[in-house]
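[1] Here is a sequence with its predicted model. Questions after.
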Amino acid sequence: MRNFDSAKLKVNDKQGNPIEIGAVVVWHVQDTAQAVFDVESYLDYVSVQSETALRHLANSYAYDHGEEHEITLRSGVDDVSHSLKDELKARLSKAGVTVDEARLTHLAYAPEIAGVMLRRQQAEAVIAARQKIVHGAVSMVEMALRELQEKHIVEFSGDGKSALVSNLLIVLCSESEAQPVISAGASAG
């Protein structure tokens, strides 16, 4: 058994983003006659075909943001490794070589876009967190209104209900501490 450890290749993913990718391929010669006579040098053949398959793999998957339920290089490690192994088996069988294992060893955005992509990931995380906060706040406001009405604690006019909903959402979604304002009623006049 032998290992082929590819260099870090700079290629574009399915969406055209420049990425760096590397892999290790564990292989052995299955048919020595085919390995010696069907290709000029089976060692060079393994090297060239492995890098070609790795480039093709990178072009076939998005790095990390594919369509809904789409396998990506980053999230579908097992599926991606299986695809790489299958493609290598097909390519290398012509030289009497069998692939025992293939897996990614390096995956990163290319340095020139890494900072931008990190900011994009951070922005997406903030948006996802905000969505959860808003969903939770709306559920809490709904529950508060229902309980206040069921227990007949307060009767709401249209404007009063709107004001309560607005105030509760501000308190629940705000990043800073709430500052209560107490209404003392109408002033004498």
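    Arrived safely, thanks for sending.
[2] C-alpha from now on. contacts and neighbour counts both.
    Fine.
[3] Just say helix, strand or coil for I21.
    Three-state assignment for I21 (DSSP: H, G, I helix; E, B strand; the rest coil): strand.
[4] that's a helix at A62, yeah?
    No. Under three-state DSSP, A62 sits outside any helix and is assigned coil.
[5] Find me the pLDDT at the nearest residue to Y109 once chain neighbours are set aside, would you?
    Distances taken as C-alpha to C-alpha, 6 or more residues apart in numbering put I19 closest to Y109, at 4.2 Å, once the chain neighbours are dropped. What the model reports as pLDDT for I19 is 95.
[6] for the one 3 residues further on, same thing?
    The predicted local confidence for G22 comes out at a pLDDT of 97.
[7] Does it touch K10 like I think?
    No. Counting by C-alpha atoms under 8 Å, G22 stays clear of K10, with 9.0 Å between them.
[8] Neighbours of the residue nearest to Y109, how many?
    Number of residues near I19 (other C-alpha atoms under 10 Å) recorded here: 21.
[9] wait, doesn't it sit right on H106?
    No. Using C-alpha under 8 Å, I19 makes no contact with H106, being 10.0 Å away.
[10] Tell me the spacing between the residue nearest to Y109 and Q34.
    Counting by C-alpha to C-alpha, to the nearest Å, the gap from I19 to Q34 is 35 Å.
[11] Could you pull up the residues touching the residue most central in space within the chain?
    Centroid-nearest residue in the chain, with C-alpha atoms, centre = their mean: D64, separated by 4.0 Å. Contact partners of D64, counting by C-alpha atoms under 8 Å, 6 or more residues apart in numbering, are 72-75.
[12] For G22 and K10, indicate the residue with more neighbours.
    Legend: neighbour count by other C-alpha under 10 Å for G22 and K10, higher for G22 (20 against 17).
[13] For that one, give me its contacts.
    5-9, 54, 104-107.
[14] ok, 10 Å please
    Listed by C-alpha atoms under 10 Å, 6 or more residues apart in numbering, the contact partners of G22 are 5-10, 51, 54-55, 58, 103-108.
[15] partner residues bridging it?
    H106 (DSSP bridges).
[16] now do V11
    Beta-bridge partners, per DSSP bridges, of V11: I19.
[17] Give the residues shared as contacts by I19 and H106.
    With C-alpha under 10 Å, 6+ apart, I19 and H106 have common neighbours 8-9.
[18] how is this structure carved up into domains?
    Annotated domains of the chain cover 2-109, 115-173 [automatic domain parsing].
[19] looking at those domains, which is buried most?
    domain 2-109 (a mean of 18; mean count of other C-alpha atoms under 10 Å).
[20] Quick one: the helices in this structure, in order.
    32-37, 42-60, 77-92, 111-150, 158-173 (DSSP state H).
[21] Redo those helices as TSV? Include distance to T98.
    TSV is the format used below for the helices of the chain (distance: least, C-alpha to C-alpha, whole Å):
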stretch	distance to T98
helix 32-37	11
helix 42-60	10
helix 77-92	6
helix 111-150	35
helix 158-173	58
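[22] Fine, thanks again, bye for now.
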